[in-house]
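Engineer: based on what follows, work out the 3D shape:
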Amino acid sequence: MKIQLSMLTSDWLIWALFILVIIVAFALRRVMHVREAWRQVLANRIGMIAATILCFYAVVGLLDSIHFEVRYPEKAHSVMRVKSLFDFALGELTEFDEQTYSAPLATHAYVQSVVTNEQGKDVRDYARLQHGGVHLQDPSTRWLDIAWRVSLALGYGLLSFLIIATLFIFVWSRKNKRTFSRALKEILQGNTKVAWREVLITFGIIWLYIFTLANLMSHYHIFGTDKVGHDVFYASIKSIRTGLLIGILTTVFILPFALVLGMVAGFFGGWVDDFIQYLYTTLSSIPGVLLISATILVMQVYIASHPNLFPTLIQRADARLIALCVVLGLTSWASLCRLLRAETLKLRELEFVQAARSLGVGKFKILFWHIMPNIMHIVIITVVLDFSMLVLAEAVLSYVGVGVDPTTYSWGNMINSSRLELARDPMVWWPLLSAMFFMFMLVLAANLFSDAVRDALDPRIHNLAE
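Structural biologist: Residues are numbered from 1 along each chain as shown. Below is the predicted model:
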């Protein structure tokens, strides 16, 4: 087996954004009012619970954004597969495929097929799965085995979490010059500047879930399998990367247009303002689904016409994913641009801007040194709020057939394929439930975190509080 690093374009983009966010975060620590605002976010209990959940999604997305080409030597030729670092972490669990549908935690197939019984005759029956519960000699003991494995995983998970929490409290006590017992008491009572109690509780619950699911995944299909026998739980976890890419990359494409054009329109006014208003009004009048459909179709034709640029299926799917992010960004910047234009119209009449003009400060310097810092709270609040909307947009677009490539793991594709599965008899309900659960948790965490950011950064809320 030969392994070679093979980063996709979206991999480079998401890691570059991750590094950029870290650099900006360290740079903004020196700005006092920004630092104080984010201290309020860190002290918000609901916000820190949501941030811990988002960190779990981010870790999975980052691990799934480091790809390798794995070549397996065969008798006649070598077989090449593309795997991520997350796939390597799961090990052989990614290869536990069945023939067709199987229910969650089942030991037999969900539909009947022709099997050979003990007498050697071919009969129609529910076949035994190749991997799910194959370790059981008697399938009737399945629930006892599951209960035992869950109890064992919870025990090991709780023990390891207590060790991690103890080490964290010890380091925190040393850093803040407190005894271990006093640090433990402050954290348990919630008397810390950062809501560490909520962070530790949320991390502990996620940690126990990881231990339990990891133990069950090696012996069962937790959320069953789909039509071609792929593990539904694995597909749901792999879809995290797609959801994060849609939310993050689309935001990157939105910001330059909305920020620059909104400030320029509000500050300069006149024909510049009229032109920019005409631009985003015209763009807003075009149905977004039609524009996205046309762009995706053009991208498909381009990929088919240039096979040398996209030699593998995963590269073609990645190109379509990036194209979807671009077109979503181009069709979603108008609303933020309107907000920034209105705020700039107000700021340009305030005393500090008029004083800068009277002192002969250049217009673009006023724009980027005086106005832009005072509208960044709107940018951050809108970006965090729009993140969950973009994740939901991917699901809707994939449902109507103009989303990501069908070969890409995404919640939208899972929901789209569930249309026929819900209509069949017996009904297959677990792919839809699994996709909606993971998407619901991401969107809920993003919304709760955005509320905490809004409460800390929106000056109107502070004025009302005073």
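Engineer: list the contacts of stretch 424-436.
Structural biologist: 101, 103-104, 110-111, 223-224, 226-227, 232-233, 235-236, 239, 395, 411, 414-415, 417-418, 421-422 (Cβ atoms under 8 Å, 6 or more residues apart in numbering). C-beta: built from backbone N, CA, C; applies to glycine.
Engineer: out of these, which end up buried?
Structural biologist: Buried by 16 or more other Cβ atoms under 10 Å: 101, 103-104, 110-111, 223-224, 226, 232-233, 235-236, 239, 395, 411, 414-415, 417-418, 421, out of these.
Engineer: Phe267 contacts His370, correct?
Structural biologist: No. Counting by Cβ atoms under 8 Å, Phe267 stays clear of His370, with 10.1 Å between them.
Engineer: now the helix of greatest length in the chain, how far from the centre of its chain.
Structural biologist: Longest helix of the chain, by residue count under DSSP state H: helix 232-268. Remark: helix 232-268 is offset 11 Å from the chain centroid, using Cα atoms, centre = their mean, to the nearest Å.
Engineer: what residues of it count as buried?
Structural biologist: Within helix 232-268, the residues that count as buried by 16+ other Cβ under 10 Å are 232-255, 257-267.
Engineer: which ones among the buried ones among the contacts of stretch 424-436 are found in helices?
Structural biologist: 232-233, 235-236, 239, 395, 411, 414-415, 417-418, 421.
Engineer: widest-spaced pair of those residues?
Structural biologist: Maximum pairwise distance in those, criterion Cβ to Cβ, is 18.0 Å, between Phe233 and Ala395.
Engineer: residues touching Leu184, list them.
Structural biologist: Under the criterion of Cβ under 8 Å, 6+ apart, the neighbours of Leu184 are 169, 173.
Engineer: how near is it to Glu198?
Structural biologist: Distance of Leu184 to Glu198, given as Cβ to Cβ, to the nearest Å: 15 Å.
Engineer: excluding its backbone neighbours, what's nearest Pro104?
Structural biologist: Distances taken as Cβ to Cβ, 6 or more residues apart in numbering put Gly224 closest to Pro104, at 4.5 Å, once the chain neighbours are dropped.
Engineer: isn't the one you found up against Val232?
Structural biologist: Yes. The pair Gly224 and Val232 passes the contact test of Cβ under 8 Å, sitting 5.3 Å apart.
Engineer: helices along the stretch 351-466 of the chain, start to end?
Structural biologist: Taking DSSP state H, counting those that start in this stretch, the helices of the stretch 351-466 of the chain run over residues 351-358, 363-366, 372-399, 411-423, 430-457, 459-465.
Engineer: the fifth one: which residues count as buried?
Structural biologist: The neighbour-count check on helix 430-457 (16+ other Cβ under 10 Å) flags 430-432, 434-436, 438-439, 442-443, 445-446, 448-457 as buried.
Engineer: what of the shortest one?
Structural biologist: Neighbour counts using 16+ other Cβ under 10 Å place Ile366 of helix 363-366 among the buried residues.
Engineer: same for it, what does it pack against?
Structural biologist: If you count contacts as 3 or more Cβ pairs under 8 Å, 6 or more residues apart in numbering; DSSP states H and E, helix 363-366 packs onto helix 232-268, helix 351-358.
Engineer: by mean pLDDT, show me the worst of these.
Structural biologist: Among the helices and strands packed on helix 363-366, helix 351-358 carries the lowest mean pLDDT, at a mean of 83.
Engineer: and the angle for that helix with helix 372-399?
Structural biologist: 110 degrees (axes from the mean of the first three to the mean of the last three Cα atoms, to 10 degrees).
Engineer: remind me which residues of this structure are low pLDDT?
Structural biologist: Along the chain, the parts satisfying pLDDT under 70 run over 1, 74-79, 117-119, 400-401, 458-466.
Engineer: ranges for the strands of it?
Structural biologist: Ranges of strands within the chain are 2-5, 67-73, 78-84, 113-116, 122-125, based on DSSP state E.
Engineer: give me the contact list for the last one.
Structural biologist: Contacts of strand 122-125 with the rest of the structure, by Cβ under 8 Å, 6+ apart, involve 112-117.
Engineer: now, of these, which are buried?
Structural biologist: Neighbour-count burial (16+ other Cβ under 10 Å) is assigned to none of the contacts of strand 122-125.
Engineer: need the max-distance pair from those.
Structural biologist: Spatial extent of the contacts of strand 122-125 (Cβ to Cβ) is set by the pair Gln112 and Thr116 at 13.7 Å.
Engineer: any idea how far Ser305 is from Leu321?
Structural biologist: Going from Ser305 to Leu321 by Cβ to Cβ gives 19 Å.
Engineer: more neighbours: these two, which one.
Structural biologist: Leu321 (24 against 8; other Cβ atoms under 10 Å).
Engineer: quick check: closest non-adjacent residue to Asp11.
Structural biologist: In space, Asp11 is closest to Ser65, 4.5 Å off (Cβ to Cβ, 6+ apart).
Engineer: the one you found: neighbour count?
Structural biologist: Ser65 has 22 neighbouring residues, counting by other Cβ under 10 Å.
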